[in-house]
Structures are given as C-alpha cells and as structure tokens.
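**Q** attaching a predicted model along with its sequence, questions to come.
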Amino acid sequence: MDGTETETAAGGDTETGTAAGGDTETGTAAGGDTETDTAQARESSPSATTAAPSATDPTSAAPTTPTDRHPHHPRAHTTTPAPALGDRPAKGRPPQRPPEPRGGLLMGRPFGVPVYVAPSWFLVAALITWVFGGQLERVLPELGAARYLVSLFFAVAFYASVLVHELAHTVAALRFKLPVRRIQLQFFGGVSEIEKEAETPGREFWLAFVGPLLSLVLAGLFYLALQPVEPGTVPGVLLAGLMISNLIVAIFNLLPGLPLDGGRMLRAVVWKITGKPMSGTVAAAWVGRALAVSVLIGLPLLTQSGALGESAEDSVGMDTVLDALLAAILAAIIWTGAGNSLRMARLREHLPELRARTLTRRAVPVESRTPLSEALRRANDAGARALVVVDAHGDPLALVREAAIVGVPEHRRPWVAVSDLAQDLTDGMRVSAELAGEDLLDALRAAPATEYLVVEETGEIYGVLSAADVERAFVKAMARPS
C-alpha cells in the first residue's frame, strides 16, 4: 500500500501503493474498506488500494556494466554497446521523495500516527448539520435553532466513529510491522495510509476486516446504550443515528469490491486460492467497478422506489438531484479506486525487477588530480561509463557527475581535474549491490542524488548507479504488460 494509502469513506478502507517515489491512496465512502498495494492506506469510505510495481528487465535496462576497482572483479556485459562517457548528457532525474503530506489540521498522534482533518471535512460536517437538523425539526420541533448544535454534535461523533474504524486498521497494520504514514479524515470518510503491503493473504484479510468489525461493534454499543433511553429525546435520537450510521459504514465497506474493505477481503481470498496476489487484485477490482455501476444506477432507483424510507412522492425535486449527485460521487470514488488498485498491483508485480546490481554502470577509479581527458580515456578503454575519485589507498571519496563532464568542452578537458567535477560521497550515496525493488527505491528516495556508489557487502566498489538509469528502467517496466 509506500507510499501507500487506504481510504474509507464514512467508514474504513485500506490502500497500499508504492511507486518510484510516491505513494498511493485508497478511499471508502460511507463505509470502510481495505486495500493494500505498496504504500498502504486505509480510509472510512469507499477505499482504493494501490500497489507499487517493480520495474526493470535486466536485458532491456539502460546499458549498465558493473565493475569494481579491483582487476579480478567479474564484469557484466551488455548486449548493446554503451555510449562513451562524456558523449551525451544524463537524462531523467533521481527519484525524489515528495514533500511529506500534511493533509489538513493535525489533531493528534495516537499510537505515534498523525491524524489530520482535511478542509473538506468541514464542508461535509456543515452538510450533515444541515440535513440532520432538518430531520430533528420534524422529530423534536421544540428544540428550535438549538437543533443545529445537536446536529453538529452528531457530525463530530459520527466522524469520531470513522476515526475508530481507521484506528482499527492502523493498529492491525502496526501489529503486522507495517508502517502507517498518517490517518486523514476527509469528505467521504477516513484514510489510513499504510506504506507496505501485507505479506500473506491471511494478514491482508484481517487488516481489511478489522475496520468493518469495529464499526459493527460500535453499532452494537450504541444499540445497548439506546435501550434505557426514552425514545423521542435528544440522547435517544443521537444514539439511534450513530447506531444506524455505523451499521451503514460497516455494511458498505463489506461490499466485495475494491477499493472497499470487502474488496480487500475478496482479494485475500482469491490470493489464497490461486497463490497469486495479482489474480486477487484483478478479481476484486472488476467487482469494484461493477459495484460502482450498481451504485450509480441503483441508489437513485432505490430512493425513488421508497425502499430507503421515503415515498416516491416525497423523493422529488432537489432531493432527487442530491441523490443522483451522491450516487455519482460514490460511483466515481469506487471506480477510480478500483483502477488505481490495478495499476499499483502491476507496479508491485514488476518492482522486484529493479536491481542495483543489474543497473549499475561499470566504473574506473581515478585520483583527484587526474585530468578529465585522461580519466575519460581510461574509462573508454575499459568500456566504463562512470568515474570514481579515490585516495592514494583506493578508497572512494567522490563521484564525478556525468552532467558536469558533458558540460566541459573537449579542448578544455586536459586542463580540468576530475575533482573539480566531483560530488563528495555521503552515507546516503553508498548503496548495496544487493538492493532491489522497493528497498532500492527507498534508499534512493532517502538521499536524492544523480549518481550513487554501489558497493559489495565487503565494502569493495561495484560501480556507479545513475538515477536516470533507474528512472528509465522503472518507466520501461511499467509499460510492459503484466
């Protein structure tokens, strides 16, 4: 689910997504659902899940031939000749870590996870206050204008229930050692942004199920609290409203289609039966799209038929327009979430193909005072495409930036030392040759740079990894069919 994100509108849902530097998100409206892709997230309303793909076919990646400064280090060979170092500028940019999302007003950090209230929540709170206030006018006319205070209290209490739904997803994720970036309460519910995907279908199932389960528990608690309360009173109306709303959230999020929690549960079941996470995602996503169409068509028809408690004569005019608008919004959220889940699942499917060892360029070690022309001659003779500045003992000090090399005119290269074009190595610019997939992308996002020194577990130089090569490989992998 990175990042990764899960949303539940008016309920809970989970989504997970991981991309070459981003995160994904899931939404669940009027209920909760769970989805996990690479950066997982959960929300209380229709939720969508996105998974991070893998990217890179060793045979199709940009020409990269790793090497070490030691003569006996084995070389990797490419099937296409690599351009000589200095012939062309590097293209692309390193995977950048996006600014940490804030998501609105920070309300607290339960279990160490920040909880934000998005600006859109205030809009829906006002809408709930207005609609519920109109209902209170018929049930408790003696309240007068005070009914809107009661309605506002109901809106806050309802979203507190949504927060409990999301916290259930969060606690389960933390229990399974899955990092949670944040919880956000927004227009159609809540979102728990879970950054990793569950490792097994069983964990995926429970991660999704705990949200609707907590909503059912809350509905039961409000029902028990309602028993000793006199009907037709303010406490009675509030408890009944909270009981019904939590029941709706639970039922809605249990619908078996992504990005809802029920869709995550269906995905887990298909994953368990077939042994293929992608098969589960495809099945749950198409069921989710079918649900979106059903909501778009069925919700207005149910309202017009009077099945939701109003006669067809009462459901006309502005109410009909509002019902159709609500159905369209819910359908769009579900349809979009299902599509995002498919894209993120494909991303995660290809992500393991990104390997530092495969993408690393062969490098030659040079001392800091070596003229650029001489360094390039050595690199071209060795078939290398990178330069590493080393000290007298052969320990790496800096990397010569390819873009800087291209910027030096050929007639000036004998007079420019490689140290003038080098970037000093930092801890984040040293990556292991064993890194692959999401771990590789995380390492690059943690320390954005144009080149990285790739080292063996023994500390020996393996070569230089260009962020541009990683980006090209990632895009190439995403373009391949699953």
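**A** In hand now; what should we look at?
**Q** any low-confidence regions in the stretch 251-400 of the chain?
**A** Along the stretch 251-400 of the chain, segments meeting pLDDT under 70 span 306-319.
**Q** which residues in it form strands?
**A** Along the stretch 251-400 of the chain, the segments classed as strands by DSSP state E, counting those that start in this stretch run 363-367, 386-390, 396-400.
**Q** possible to save those strands as a markdown table with mean neighbour count?
**A** For glycine as for every other residue, the C-beta is placed from the backbone atoms N, C-alpha and C. Listed next are those as a markdown table, based on neighbours: other CB atoms under 10 Å:
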| stretch | mean neighbour count |
| --- | --- |
| strand 363-367 | 23 |
| strand 386-390 | 25 |
| strand 396-400 | 22 |
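**Q** out of these, nearest to residue 162?
**A** Nearest to residue 162 among the strands of the stretch 251-400 of the chain is strand 396-400; the distance by CB to CB comes to 48.9 Å.
**Q** output the contacting helices and strands for the closest one.
**A** Helices and strands touching strand 396-400, by 3 or more CB pairs under 8 Å, 6 or more residues apart in numbering; DSSP states H and E, are strand 386-390, strand 422-424, strand 451-455.
**Q** show me which residues of the following helix or strand past it are buried.
**A** Scanning forward in sequence from strand 396-400 by DSSP states H and E, the next helix or strand is helix 402-406. Neighbour-count burial for helix 402-406, counted by 16 or more other CB atoms under 10 Å, picks out 402, 404, 405.
**Q** if we can go back for a sec, wait, which of the strands of the stretch 251-400 of the chain is closest to residue 185?
**A** strand 396-400 (44.8 Å).
**Q** partners of the closest one in the sheet?
**A** With DSSP bridges as the test, strand 396-400 is paired with strand 386-390 (antiparallel), strand 422-424 (antiparallel).
**Q** out of those strands, flag the one nearest residue 324.
**A** Judging the strands paired with strand 396-400 by CB to CB, what sits closest to residue 324 is strand 422-424, at 57.9 Å.
**Q** who's in contact with that closest one?
**A** 368, 389, 397, 398, 399, 400, 401, 429, 449, 450, 451 (CB atoms under 8 Å, 6 or more residues apart in numbering).
**Q** ok, the second one - contacts?
**A** To tie it back to what came earlier, the one meant is residue 389. Here residue 389 is in contact with 365, 366, 367, 368, 396, 397, 398, 399, 400, 418, 419, 422 (CB under 8 Å, 6+ apart).
**Q** quick one: the second one and residue 376 touch, right?
**A** No. Shown here, residue 366 and residue 376 do not form a contact pair, counting by CB atoms under 8 Å, at 9.6 Å.
**Q** got any residues that touch both of these two?
**A** What both residue 366 and residue 376 touch, as defined by CB under 8 Å, 6+ apart, is the set residue 387.
**Q** which parts of the longest helix anywhere in the chain are buried?
**A** The residue-count maximum for a helix in the chain (DSSP state H) belongs to helix 318-350. Under the neighbour-count criterion of 16+ other CB under 10 Å, helix 318-350 has 323, 326-327, 329-331, 333-350 buried.
**Q** among the helices and strands packed on strand 396-400, which is nearest residue 160?
**A** With CB to CB as the measure, strand 451-455 is the member of those nearest residue 160 (46.0 Å).
**Q** so what are the sheet partners of the closest one and their directions?
**A** Counting by DSSP bridges, strand 451-455 is paired with strand 430-432 (parallel), strand 461-466 (antiparallel).
**Q** and the ones you listed: which comes nearest residue 198?
**A** strand 430-432 (25.5 Å).
**Q** what's the following helix or strand after that closest one?
**A** Next element after strand 430-432 (DSSP H and E): helix 437-446.
**Q** what angle do that following helix and strand 451-455 make?
**A** Orientation check (axes from the mean of the first three to the mean of the last three CA atoms, to 10 degrees): helix 437-446 against strand 451-455 gives 130 degrees.
**Q** tell me the buried residues in helix 437-446?
**A** Within helix 437-446, the residues that count as buried by 16+ other CB under 10 Å are 437, 438, 439, 440, 441, 442, 443, 444, 445.
**Q** just send the helices and strands packed on strand 396-400 back as a markdown table, with distance to residue 184 too.
**A** Shown next, in a markdown table, are these (distance: least, CB to CB, whole Å):
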| stretch | distance to residue 184 |
| --- | --- |
| strand 386-390 | 42 |
| strand 422-424 | 37 |
| strand 451-455 | 33 |
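**Q** now the helices for the stretch 51-200 of the chain?
**A** 119-139, 147-175 (DSSP state H, counting those that start in this stretch).
**Q** if we can go back for a sec, for residue 194, which of the helices and strands packed on strand 396-400 is the nearest?
**A** strand 451-455 (27.8 Å).
**Q** any idea how far the closest one is from the chain center?
**A** Chain-centre distance of strand 451-455: 27 Å, with CA atoms, centre = their mean, to the nearest Å.
**Q** what's the mean pLDDT across it?
**A** Across strand 451-455, pLDDT averages out at 94.
**Q** what angle do that strand and strand 363-367 make?
**A** On the basis of the same axes, to 10 degrees, strand 451-455 is oriented at 100 degrees to strand 363-367.
**Q** contacts for strand 451-455 next, please.
**A** By CB under 8 Å, 6+ apart, strand 451-455 touches 66, 356-357, 360, 386, 388, 396, 399, 401-402, 423, 425, 429-433, 444, 461-467.
**Q** now those residues: which count as buried?
**A** By neighbour count, with 16+ other CB under 10 Å, these hold 66, 356-357, 360, 386, 388, 396, 399, 401-402, 425, 429-433, 444, 461-467 as buried.
**Q** any idea which of the helices and strands packed on strand 396-400 gets closest to residue 235?
**A** The closest of these to residue 235 is strand 451-455. By CB to CB, the value is 62.2 Å.
**Q** can you redo the contacts of strand 422-424 as a markdown table with distance to residue 146?
**A** Converted to a markdown table, the contacts of strand 422-424 look like this (distance: CB to CB, whole Å):
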| residue | distance to residue 146 |
| --- | --- |
| 368 | 78 |
| 389 | 75 |
| 397 | 73 |
| 398 | 71 |
| 399 | 69 |
| 400 | 73 |
| 401 | 68 |
| 429 | 63 |
| 449 | 61 |
| 450 | 63 |
| 451 | 66 |
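**Q** so which residues of the stretch 201-350 of the chain form helices?
**A** 201-226, 234-253, 261-274, 277-305, 318-350.
**Q** nearest to residue 249, of the helices and strands packed on strand 396-400?
**A** Here strand 451-455 is closest among these (CB to CB), at 46.0 Å.
**Q** CA-only coordinates of that closest one in PDB, if you can.
**A** Extracted as PDB, the C-alpha positions of strand 451-455 are listed here (Å, rounded to 0.1, in the frame of the first residue of the first chain):
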ATOM      1  CA  GLU A 451      24.700   9.100  -9.000                       C
ATOM      2  CA  TYR A 452      25.300   6.600  -6.300                       C
ATOM      3  CA  LEU A 453      28.300   4.500  -5.400                       C
ATOM      4  CA  VAL A 454      27.300   0.800  -5.400                       C
ATOM      5  CA  VAL A 455      29.400  -1.400  -3.100                       C
END
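**Q** so, low pLDDT: which residues of the stretch 1-150 of the chain?
**A** 1-103.
**Q** from the contacts of residue 389, which is closest to residue 243?
**A** Set against residue 243, the nearest of the contacts of residue 389 by CB to CB is residue 399 (62.8 Å).
**Q** find the nearest non-adjacent residue to residue 366, please.
**A** residue 375 (4.5 Å; CB to CB, 6 or more residues apart in numbering).
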